[in-house]
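> Got a predicted structure here, sequence first:
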Amino acid sequence: MNKVFLIGNLTRDPELTETTSGVSLCRFAIAVNRNYGGADGERKTDFFNIVAWRGLGETVARYAKKGNKVAVSGSIELRNYEDSQGVKRTGVDIVAQDVEFLTPKGNGGDGFDAPAAPSDRKRASLQAFDDDSDIPF
């Protein structure tokens, strides 16, 4: 089973791109603090590259920004490639299956505020609905 759960802060603004076939792809990175300190008593931080595809990637790119706290669940993916000098390298990415936004809304202006709706759009009003009339008990 290949499953990972991470909670951390974005180290940069997400970058939304498209593949040559038109599929949305969002790349971002998070910093995750370890829950223990080193020999010097200082906590270490790990940095993870995250890839979110399609609608999830578009949502992250739209609402997240550098410094926001997120929870990411997904899988680890290894990439083998050659750098510009011809040296074989391995890259590690987390392929996101779910991203939860954890920064509180209105927290000094750094929360995940939804974009403002156009002013000419009418809000739907809720109406009472009686669905108990045909219950057989």
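Nice, thanks for sending it over.

> Who are the packing partners of the helix or strand where residue 73 lies?
Using DSSP states H and E, residue 73 sits in strand 69-82. Strand 69-82 is packed against strand 4-10, strand 43-53, strand 88-101, with contacts defined by 3 or more CB pairs under 8 Å, 6 or more residues apart in numbering; DSSP states H and E. For glycine as for every other residue, the C-beta is placed from the backbone atoms N, C-alpha and C.

> tell me the angle the first one makes with strand 88-101.
I take that to be strand 4-10. 80 degrees (axes from the mean of the first three to the mean of the last three CA atoms, to 10 degrees).

> buried ones in strand 4-10?
By neighbour count on 16 or more other CB atoms under 10 Å, the buried set for strand 4-10 is 6, 8-10.

> need those residues in JSON lines with distance to residue 59 and pLDDT, can you?
Converted to JSON lines, these look like this (distance: CB to CB, whole Å; pLDDT from 0 to 100):
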{"residue": "6", "distance to residue 59": "17", "pLDDT": "97"}
{"residue": "8", "distance to residue 59": "18", "pLDDT": "97"}
{"residue": "9", "distance to residue 59": "18", "pLDDT": "97"}
{"residue": "10", "distance to residue 59": "14", "pLDDT": "97"}
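
> which one of these is nearest residue 92?
residue 6 (12.5 Å; CB to CB).

> Starting from the helix or strand of the chain at the bottom of the mean pLDDT ranking, tell me which strands it pairs with and how they run.
In the chain, no helix or strand scores lower on mean pLDDT, DSSP states H and E than strand 24-37, which sits at a mean of 93. Applying DSSP bridges, strand 24-37 is found paired with strand 4-10 (antiparallel), strand 15-18 (antiparallel), strand 43-53 (antiparallel).

> picking that back up, right, and the pair among the buried residues of strand 4-10 with maximum separation?
6 and 10 (11.7 Å).
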